[in-house]
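Enquirer: sequence and predicted structure, then a few things I'm wondering about:
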Number of protein chains: 4
Amino acid sequence: MPGNTFGQVFKVTTWGESHGVALGAVIDGCPPRLALSAADINAELARRRPGVQAHASPRREPDQAEILSGVFEGLTTGTPISLIIYNRDVRSRDYDALKDVFRPGHGDFTYQAKYGIRDHRGGGRASARETVARVAAGAVAQKVLDREGIRVLACTVELGGVPARFKDETVIWDNAFFCADPEAVAPMTARVQEVTALKDSLGGVVEVRVRGCPPGLGEPVFDRLDAALAQAVMSVGAVKGVEIGAGFAAARMLGSEHNDPLIPGGFASNQAGGILAGISNGDEIIVRAAVKPISSIGREQQTIDVSGQPRTLTVTGRHDISAIPRIVPVLLAMVRLTLADFLLRQRTNA
Amino acid sequence: MPGNTFGQVFKVTTWGESHGVALGAVIDGCPPRLALSAADINAELARRRPGVQAHASPRREPDQAEILSGVFEGLTTGTPISLIIYNRDVRSRDYDALKDVFRPGHGDFTYQAKYGIRDHRGGGRASARETVARVAAGAVAQKVLDREGIRVLACTVELGGVPARFKDETVIWDNAFFCADPEAVAPMTARVQEVTALKDSLGGVVEVRVRGCPPGLGEPVFDRLDAALAQAVMSVGAVKGVEIGAGFAAARMLGSEHNDPLIPGGFASNQAGGILAGISNGDEIIVRAAVKPISSIGREQQTIDVSGQPRTLTVTGRHDISAIPRIVPVLLAMVRLTLADFLLRQRTNA
Amino acid sequence: MPGNTFGQVFKVTTWGESHGVALGAVIDGCPPRLALSAADINAELARRRPGVQAHASPRREPDQAEILSGVFEGLTTGTPISLIIYNRDVRSRDYDALKDVFRPGHGDFTYQAKYGIRDHRGGGRASARETVARVAAGAVAQKVLDREGIRVLACTVELGGVPARFKDETVIWDNAFFCADPEAVAPMTARVQEVTALKDSLGGVVEVRVRGCPPGLGEPVFDRLDAALAQAVMSVGAVKGVEIGAGFAAARMLGSEHNDPLIPGGFASNQAGGILAGISNGDEIIVRAAVKPISSIGREQQTIDVSGQPRTLTVTGRHDISAIPRIVPVLLAMVRLTLADFLLRQRTNA
Amino acid sequence: MPGNTFGQVFKVTTWGESHGVALGAVIDGCPPRLALSAADINAELARRRPGVQAHASPRREPDQAEILSGVFEGLTTGTPISLIIYNRDVRSRDYDALKDVFRPGHGDFTYQAKYGIRDHRGGGRASARETVARVAAGAVAQKVLDREGIRVLACTVELGGVPARFKDETVIWDNAFFCADPEAVAPMTARVQEVTALKDSLGGVVEVRVRGCPPGLGEPVFDRLDAALAQAVMSVGAVKGVEIGAGFAAARMLGSEHNDPLIPGGFASNQAGGILAGISNGDEIIVRAAVKPISSIGREQQTIDVSGQPRTLTVTGRHDISAIPRIVPVLLAMVRLTLADFLLRQRTNA
């Protein structure tokens, strides 16, 4: 059954495989008369481009989105916006060795179990490359948010156990780890080198913050804003946990510590992470995602092949050592898509 | 815009306010010819009943669901199943004092911001009482799971900082905290007494496990099974975090630690929590929810009234000291609803 | 799979069987702060009440809707509105004879084929009684339309071959056939008597008109307003055809006859029936439905029983001789529901 | 709000403008392991190609679909199938004259009213060219139907008042009007010549028949199969009426004439058009669509410009004289899409 569409009003459907012809997104429900160009989208794609960082994937295609429909003379028209990003630099032969074996931590086994067939080349639809379409669509969502002055920020707050503070948003895109904390860069670099030497991989935590969100977004009871954000964030491969505001720490707080006192004009604290009873409260929205270590590692692993026989596997070729930092713009995009959708949904409550 | 429906195939719409006439659920898409009676549902409702535990809410209505449609001679017919639970023992006058003030941690402020009106009696739709309809619907969902031999368990694994192990599932419903660990009961009781004396409240962590789930459930990329579970769990009031398998701990693991080796017949470990690339892998599914301390506390709090003026507020009357354990059967229900839906969705992929 | 929900924003889910405990509707997505009372709904229910007309069904329950949620102090709150109409005067035993036989023209055979089970009492969910919930929900939809000054009219324009003009809307609810043409009443009465004597039944045509609809409603390409109206109208049992504006007559016109010239402030004619390219054009919307003769007739018919053996069947008891006029308020309701939904949908295009 | 998606399980989203870069469709929910090639799709596209018939549009691009995703080694994989058809032979300058004027019968006025902007080139999204994506998607839907032996036929049964019988399905695609009646070709040709001389245009009626459909498809009450077919057919531009089985003629029948007697193995007649109570009954499904005369005519017409001033307009350039026969494969496609969706939906009722 379908599962490749996100949103109810600002509705995005993505398609495409890692080693197919192209990937893309169709956005249906984008309001008309917004200025939009391919350049707006490509600026975002540049942030998730492999090869930007020293430790990143060597597959270096310069992702370029084309707008195939829905924009006329530089403005959206209200009709579906079709975006396409062609695959380049695809070397499918690299993956022939993986045709008959299930890689641990990957979707090989489960795709086979689900569909009885899988495109094994680079993980097919289960590849992280799938997220390029999300980032492209997220750039369009931001146009909707721009009209209301809503900003969305994302950065790494932990990598391989090394913490980083949300300190200076202006430096995020300038460092190799997309941290808002310049002092974290050196210890993170050291941690990466250490694990690279082990031919192993690393996880971390990414934080997304929304500023300028008006109160009132979120549709109780099942489509609460926090529930939608949880789905959005957890739908990104490698994410194994989501928390809002104080999150898991809230489980150990007292009510008097966790309750945010209301004061004229807002709240005295923000343990809630900007969402109360599933509805935005006007304060900063704070979402964190736990990112597992990337599954492709250079160390030998035990697995089975498609006939169920034990095999040992050493993933050759070069891979990212962590989904971080490339996952940062992806999570940013998912939060943008969620907010654009709920912003438009709220209009029908008036 | 609508937000009170959950599921695509096994589709549940809930309605009702804390102090309205009744609450209910309409289930559309339940397969025909399943044996179903009100008794099946009421057995589940008994588990979330206030007043069962010493420390729980004194509002003691014996919730009884009636089946209004969709069942004929004891079998489901494939038409919508309408369930109703009448409110009894409703004392709305208790809430008149709260009419003009926003309680910290509650949805009072955000409902007002969203809709420009709110049913202030007992929190209206934002009350935890809303979940009675989820539990009722979850009992029907379990009928779908029963046919496939799928079992769903839920229990408290932490309360006010006191941990409990998932040790013995047979004792869960026999102790006051819905723990699977009899040894945790005494320290939890002590912690509850301590915080009761402070007129404060407590949070904790609940774990849900699914046994016997076949591989192949989950619809990538946005409707991944883990994403849907995250939405389901986060949509319950008081939940501020969700994790699958190793969850946030995965962020500090190495790939070689987190990857579950495949072995003939399954997996050698289960860091993934039974889900790979958004699709069930046949192993036990493990979901944990962080539950914030309950917002109603007896201590004086700072807040504002509807005109924006500062006020102090002391919530009188008696309230639960924690959403735990009543939230346990609710989270159980949400996982059941999710699985029943995805089980039926998978049929269309054949 | 679910099929009992109508609408995307103003979303109605109905439930209930002819001889069950009750029928009802849950409306999710109704804007807050609309004045709404049970009396508003019951006024509409009175129009589809059996027993109003001489030739109508003798089952005379005085349908009364109760509002179970979503309304507080006389105003909608934005949360789901649950409506219930209890069944009274139910004599299920009358239907025992029909337990094992498939009535021609009814859904007995197809429900059995679809679900492998059916509630045979009075047609179960396939009964025309199902429409009571539609009419109730339509009354709520009208509240949304009222704010914009949109009026929806419906009347019989043909019964058993006897035509009626849309002449005087003020007389519609005052005559036995819900005609806007007093002169048609006598020949229609004669036709009904004629066919009653034959123990046979009659069909006809109903027209619905929408006045004051703003231009711009309808979401191309699949959710065109005319397409949505066609679904809405055809979803009513007994309807076998739908047309917009000139409808089937358009198939024989020339372009120069069918094209409506634009003039300052509107259109010089209205062959289009108020919809161009699937979007309302500001002119009167005109929809017509072909209603088949009612399936229950007193004449002997050939059929089969559940084991596939030939049987003769004479439907005893008393039945309406035509779905007209009771279907008139039902079609009115379906058009109201459609317009309320599209009116709210259009808000997200701004 | 979105409106470019059709179907719940076999879900198609289309995009693209008449004079944009390309048009396309994304199919999400197509079952895996179906053989599919571009050639399968292009064979269907050839049938709606302009320029096939003498009287048809001279814009002669040879439409070719490319499959961009969802197919691996010739088989569908269960992931989204993205289809693209590039526009060629686009001469947008032809349309500059129409930039500021609303053509009667077209969507120019309503698109402007709805979105406040429109792509005026060739009608943009409102162009009949939009249907190329429907036909492409319909070819994929047929693959789902093929597995069950379901065939869908479509042909012209009336053109400009000239009737044709459904007589010989083998000749449909061999004559200029897609009739199943060779004797109708000469009078239709004469009628076309007559109206061509008048610089006017023609409408007609198209019939679609489904053979081999199992009983049980259709989801009451709103998603009845006939309601879904009505939406599907009415969503095609130029269609102003839809009927099932006897359709509007049913309005003048007696119940004893319209009721189809059940006999062992089926029905003795088929007035119902294969659908009872919204569910397929196993008999041939018969749907007819009323097609209005095409709006672009060479005769002078009255209209207004974008500033509301009166204008006269003569549409120059060459256009089809009728939506028939090009609409025939489009309606065929819409019925295929509907049936594939409901076939898969029915699997969840087991």
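Expert: Noted; the coordinates are in hand. Fair warning: this is a prediction, and the values are worked out from it, not measured in the lab.
Enquirer: make it CA atoms for all contacts and neighbour counts henceforth
Expert: Will do.
Enquirer: in contact with the residue lying closest to residue A:231 once chain neighbours are set aside, which residues?
Expert: For residue A:231, ignoring the flanking residues on the chain, the nearest one in space by C-alpha to C-alpha, 6 or more residues apart in numbering or on different chains is residue B:227 at 4.4 Å. Residues near residue B:227 by C-alpha atoms under 8 Å, 6 or more residues apart in numbering or on different chains: A:230-235, B:278.
Enquirer: per-residue confidence at residue B:227?
Expert: Per-residue confidence (pLDDT) for residue B:227: 98.
Enquirer: which secondary structure element is home to it?
Expert: According to DSSP states H and E, residue B:227 maps onto helix B:225-234.
Enquirer: likewise residue A:336?
Expert: Using DSSP H and E, residue A:336 sits within helix A:327-346.
Enquirer: right, is that helix up against chain D?
Expert: No: Helix A:327-346 lies out of reach of chain D by C-alpha under 8 Å from any C-alpha of the partner chain, never closer than 8.9 Å.
Enquirer: of all the contacts of residue B:227, which comes closest to chain D?
Expert: Distance to chain D, by C-alpha to the nearest C-alpha, is smallest for residue B:278 among these, at 13.5 Å.
Enquirer: how about the closest one, what does it touch?
Expert: Contacts for residue B:278 (C-alpha under 8 Å, 6+ apart) come out as A:107, A:235, A:237, B:218-221, B:223-227.
Enquirer: mind doing that once more with 6 Å?
Expert: For residue B:278, the contact set (C-alpha atoms under 6 Å, 6 or more residues apart in numbering or on different chains) comprises B:218, B:224-226.
Enquirer: ok, residue A:252 next?
Expert: Residues near residue A:252 by C-alpha under 6 Å, 6+ apart: B:160-161, B:203.
Enquirer: likewise residue A:241?
Expert: Residues in contact with residue A:241, defined by C-alpha under 6 Å, 6+ apart, are A:289-290, B:242-243, B:247-248.
Enquirer: can you rerun that using 10 Å?
Expert: Each residue near residue A:241 by C-alpha atoms under 10 Å, 6 or more residues apart in numbering or on different chains is listed here: A:205, A:230, A:233-234, A:248, A:288-292, B:226-227, B:230, B:241-251, B:287-289.
Enquirer: what's the ChimeraX syntax to select whichever of those are buried?
Expert: With 16 or more other C-alpha atoms under 10 Å in any protein chain shown as the criterion, this ChimeraX line picks the buried residues out of those:
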select /A:205,230,233,234,248,288,289,290,291,292 /B:226,227,230,241,242,243,244,245,246,247,248,249,250,251,287,288,289
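Enquirer: which of the contacts of residue A:241 fall in strands?
Expert: Among the contacts of residue A:241, DSSP state E puts A:205, A:288-291, B:241-244, B:287-289 in strands.
Enquirer: quick revisit: report the separation between the residue nearest to residue A:231 and residue A:120.
Expert: Look at residue B:227 and residue A:120: by C-alpha to C-alpha, to the nearest Å, they are 23 Å apart.
Enquirer: what does residue A:27 give?
Expert: Separation of residue A:27 from residue A:120 (C-alpha to C-alpha) stands at 28 Å.
Enquirer: please enumerate the strands of the stretch 1-150 of chain A.
Expert: Using DSSP state E, counting those that start in this stretch, the strands found in the stretch 1-150 of chain A span residues A:5-6, A:11-16, A:22-28, A:65-67, A:71-72, A:75-76, A:81-86.
Enquirer: out of those strands, which gets nearest to chain B?
Expert: Minimum separation from chain B across these (C-alpha to the nearest C-alpha) falls at strand A:5-6, 6.3 Å.
Enquirer: which elements pack onto the closest one?
Expert: On a contact count with 3 or more C-alpha pairs under 10 Å, 6 or more residues apart in numbering or on different chains; DSSP states H and E, strand A:5-6 meets strand A:11-16, strand A:22-28, helix A:225-234, helix A:327-346.
Enquirer: 6 Å instead, please
Expert: Helices and strands touching strand A:5-6, as assessed by 3 or more C-alpha pairs under 6 Å, 6 or more residues apart in numbering or on different chains; DSSP states H and E, comprise strand A:11-16.
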